[in-house]
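Undergrad: need a structure here:
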Amino acid sequence: MEQTWDPLRKKMVALTPEEKVRQWFIGVLRDQVKVPSYMMMSEVAMKFGQKDFRADILVYGRDTAPLMVVECKREDIEMTREVLEQALKYNMVLNSRYIAITNGRKTFGFEKVGETYQQIKAFPDWAAMQQSGEDGKRKKAMQRSGEDGKRKETMQQSGEDENRQDAEHMNDK
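TA: Numbers count the residues shown, from 1 in each chain. A predicted model of the protein is given here:
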């Protein structure tokens, strides 16, 4: 079987269809979202109850807490509610602010707003992800004190617009 270099695991790995998508998205995170390679890990093992799971990609914040969990599927797997639920299950352990699911053809991003996740059209760059978390904490503090706060985010397109679908389409699956 053909192999490829995984820059996160720092070793050669089998180039399966899912691995091809994983390596592509590592490149998107590094080159477009500006995530430093040392702030990402691939194939991260975790335990939920008695069951073992493995997240495809984790992005960490400056505070080393998980910032984004990414679930990759091979290109012929459709991005359905079940794929999103798999990422959400992993996130019950990780509690990251962002979730991404991708098959290399279609990519969906979600951001935690309050207690729910809302679909986003583009991922902020890594520095802005840090800022959005800090702004969210400040906003909550201002709301508690009766002041109004506004959150600004720098958004950067993480893929082509044709890779985006609205939330209604996702709910139809």
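Undergrad: lowest-confidence helix or strand of the protein?
TA: The weakest-scoring helix or strand in the chain, judged by mean pLDDT, DSSP states H and E, is strand 155-156 (a mean of 26).
Undergrad: that's a strand at residue 24, yeah?
TA: No. With DSSP: H, G, I helix; E, B strand; the rest coil as the criterion, residue 24 is assigned helix and is not in a strand.
Undergrad: Spatially nearest residue to residue 67 (excluding sequence neighbours)?
TA: Leaving aside its sequence neighbours, residue 67 sits nearest to residue 61 (Cβ to Cβ, 6 or more residues apart in numbering; 4.1 Å). C-betas here are computed from N, CA, C, even on glycine.
Undergrad: just checking, that neighbour touches residue 130?
TA: Yes. The criterion here is Cβ atoms under 8 Å, and residue 61 meets it with residue 130 at 5.8 Å.
Undergrad: what do those two both touch?
TA: residue 67 (Cβ atoms under 8 Å, 6 or more residues apart in numbering).
Undergrad: for this protein, what spans make up the helices?
TA: Here the chain has its helices, by DSSP state H, at 17-31, 81-94, 126-144, 167-172.
Undergrad: now the closest residue to residue 97 other than its chain neighbours: how far from residue 123?
TA: Of all residues not flanking residue 97 in the chain, residue 112 sits nearest, at 5.0 Å (Cβ to Cβ, 6+ apart). According to Cβ to Cβ, to the nearest Å, residue 112 stands 13 Å off from residue 123.
Undergrad: Compare these two and say which is more crowded by neighbours.
TA: Between residue 112 and residue 123, residue 123 has the larger neighbour count (other Cβ atoms under 10 Å), namely 25 against 16.
Undergrad: and the gap between that one and residue 39?
TA: Distance check for residue 123 against residue 39: by Cβ to Cβ, it reads 14 Å.
Undergrad: residue contacts, the spatially closest residue to residue 91 that is not a sequence neighbour?
TA: Nearest non-adjacent residue to residue 91, counting by Cβ to Cβ, 6+ apart: residue 69, 5.3 Å away. For residue 69, the contact set (Cβ under 8 Å, 6+ apart) comprises 55, 57-59, 87, 90-91, 94, 96, 98-100.
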